[in-house]
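**Q** Fold the following and give me the result.
(one chain, ligands or ions: 2)
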Amino acid sequence: MNSNLLSPFPSDTPIAIAIVGGGVWGQTLAQLAGDRHHQVKIWSRRGDLTLPEALAGASLVLSAVSMKGVKPVVEQVQACGLEPSTVIVTVTKGLDPSDRITPSQLWQQAFPQHSVVVLAGPNLSKEINQGLPAATTVASQNPQAAQWVQQVFSSSRFRVYTNDDPLGVELGGTLKNVLAIAAGVCDGLHLGTNAKAALLTRGLTEMIRIGTHWGAKPETFYGLSGLGDLLATCNSPLSRNYQVGYQLAQEKPLWEILDHLEGTAEGINTTEVLVQLAQTHHIPIPICTQVDLLLQGKISPHQAVHALMLRDIKPES
Ligand SMILES: NC(=O)C1=CN([C@@H]2O[C@H](COP(=O)(O)OP(=O)(O)OC[C@H]3O[C@@H](n4cnc5c(N)ncnc54)[C@H](OP(=O)(O)O)[C@@H]3O)[C@@H](O)[C@H]2O)C=CC1
Ligand SMILES: O=C(CO)COP(=O)(O)O
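**A** Ligands and ions are numbered 1, 2, ... in the order given. Just a heads-up that it's a prediction; the model follows:
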């Protein structure tokens, strides 16, 4: 039986896709969709195409703007309007600083009747652009929408899994950016493999503590968007967040690092929002707290390491 007859989302025909945000990840996803013969229009505030032109006829709108652009872009898309059947996909890894909510929650608030799908995983764009294989996860409150997005993007070089915990998938990708900064510091200080393994393992514990408090499922953090992305970004100099941490370890000031950074390191703003939230709810996240103090210039990288090593001894939980 043709599964398309049962699904409101026909899967194997080329579709029209509007990508809002023409940064490196938006362009990479446009390439992946183009490989599947979908018709892709990219809207960027610097480009020639207007937003209504980009959105016209699109059955999938993918937001690849950085966190600071999500609210303004949601408002602009709202002003244009979307067909009721249009599926919204968000790939932003960040937290809104004023409302302390995730990008998908911002999209869902603005478009309550639409299916919103989160796409996240260990997806360093430079590797994907080189044609190297990668896997990712798509998750939504509407499983059919997630399956459709899986079909749209799956290819021999991009393997897409579905997941039924959109919040966990989104938070995995977002929270690991803070640990990627910490991992960059660890490598920049040449603290060794034991220290790095301890950092990532305890970092994952912090991600799960925060994520489950928020309502995500613990097991989601052991998947591609959690542990997978943690391993990728914490071990790769291609990660902008890792680069920030690595250079902080060289005692470079943050403003100078950001002056030369190519693209966005979302972990910087995420750290601030995360630590405020954890303090309000008394959730212990010692590694993220040290990253926050370091980013604020209140401690040196070596002081951060000492502070973590000299915490009260406790059971591993
Ligand atoms: N690069 C990667 O490997 C991956 C990135 N991500 C996530 O995807 C998101 C985008 O990343 P990436 O493409 O690398 O980042 P970039 O910094 O390369 O691009 C960010 C994009 O957001 C746009 N933008 C920012 N603010 C606004 C605004 N107010 N209005 C309109 N557009 C705006 C920028 O436009 P302009 O150029 O005009 O400033 C730019 O096109 C981030 O959240 C990142 O964490 C997720 C997985 C992989
Ligand atoms: O999220 C990413 C890969 O999955 C990209 O990481 P950076 O934003 O640190 O470059």
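**Q** Flag every residue of the stretch 151-300 of the chain that's near ligand 2.
**A** Asn177, Ala180, Asp229, Ala232, Thr233, Ser239, Arg240, Asn241, Glu266 (C-beta under 6 Å from any ligand atom). (C-beta placed from N, C-alpha, C; glycine too.)
**Q** restrict those to contacts with ligand 1.
**A** Restricting these to those near ligand 1 - C-beta under 6 Å from any ligand atom - leaves Glu266.
**Q** Could I have the PyMOL command that selects the buried members from the residues of the stretch 151-300 of the chain next to ligand 2?
**A** Burial among those is assessed by 16 or more other C-beta atoms under 10 Å; the matching PyMOL selection reads:
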select buried, resi 177+180+229+232+233+239+240+241+266
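**Q** Identify the farthest-apart pair in the residues of the stretch 151-300 of the chain next to ligand 2.
**A** Among those, the pair separated by the greatest distance (C-beta to C-beta) is Ala232 and Glu266, at 14.6 Å.
**Q** hang on, the earlier thing: could I get the residues of the stretch 151-300 of the chain next to ligand 2 as a markdown table with secondary structure and pLDDT?
**A** Shown next, in a markdown table, are these (DSSP: H, G, I helix; E, B strand; the rest coil; pLDDT from 0 to 100):
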| residue | secondary structure | pLDDT |
| --- | --- | --- |
| Asn177 | helix | 98 |
| Ala180 | helix | 98 |
| Asp229 | helix | 98 |
| Ala232 | helix | 98 |
| Thr233 | helix | 98 |
| Ser239 | coil | 98 |
| Arg240 | helix | 98 |
| Asn241 | helix | 98 |
| Glu266 | coil | 98 |
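**Q** can you give me the strands in the protein?
**A** 16-20, 39-43, 60-63, 87-90, 116-120, 134-140, 158-163 (DSSP state E).
**Q** I'd like to know which of the ones you listed is closest to His306.
**A** Closest among these, once you apply C-beta to C-beta, is strand 116-120, at 33.5 Å.
**Q** CA atoms only for the closest one, dumped as CSV, please.
**A** C-alpha atoms of strand 116-120 as CSV (Å, rounded to 0.1, in the frame of the first residue of the first chain):
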residue,chain,number,x,y,z
VAL,A,116,6.9,22.4,14.8
VAL,A,117,9.8,20.0,14.3
VAL,A,118,13.2,20.3,16.0
LEU,A,119,16.3,19.1,14.1
ALA,A,120,19.5,18.6,16.1
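**Q** contacts for it?
**A** The contact list for strand 116-120 (C-beta atoms under 8 Å, 6 or more residues apart in numbering) reads 62, 87-91, 93, 104, 107-108, 136-142, 145-146, 149, 153, 160, 166, 169-170, 172-173, 224-225, 229.
**Q** at 6 Å instead, please
**A** 88-91, 104, 107-108, 136, 138-140, 145-146, 149, 166, 169-170, 173, 225 (C-beta atoms under 6 Å, 6 or more residues apart in numbering).
**Q** Give me the sheet partners of it and which way each runs.
**A** If you go by DSSP bridges, strand 116-120 pairs up with strand 87-90 (parallel), strand 134-140 (antiparallel).
**Q** average pLDDT across the first one?
**A** Right, strand 87-90. Mean pLDDT, computed over strand 87-90, is 98.
**Q** For ligand 2, tell me whether it is touching it.
**A** No. Judged by C-beta under 6 Å from any ligand atom, strand 87-90 and ligand 2 are separated, with a smallest distance of 13.4 Å.
**Q** And the longest one, by the same measure?
**A** No. Taking C-beta under 6 Å from any ligand atom as the criterion, strand 134-140 and ligand 2 are apart, separated by no less than 8.5 Å.
**Q** CA atoms only: put that strand into CSV for me.
**A** Output of strand 134-140 as CSV, limited to C-alpha atoms (Å, rounded to 0.1, in the frame of the first residue of the first chain):
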residue,chain,number,x,y,z
ALA,A,134,26.5,12.5,9.4
ALA,A,135,23.4,11.6,11.4
THR,A,136,20.8,13.8,13.1
THR,A,137,17.4,13.6,14.9
VAL,A,138,14.1,15.2,14.2
ALA,A,139,11.4,15.4,16.9
SER,A,140,8.0,16.9,17.2
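**Q** just the angle between that strand and strand 158-163, please?
**A** Relative orientation of strand 134-140 and strand 158-163, computed by axes from the mean of the first three to the mean of the last three C-alpha atoms, to 10 degrees: 30 degrees.
**Q** is strand 134-140 up against ligand 1 anywhere?
**A** No. Using C-beta under 6 Å from any ligand atom, strand 134-140 stays clear of ligand 1, with a minimum separation of 8.5 Å.
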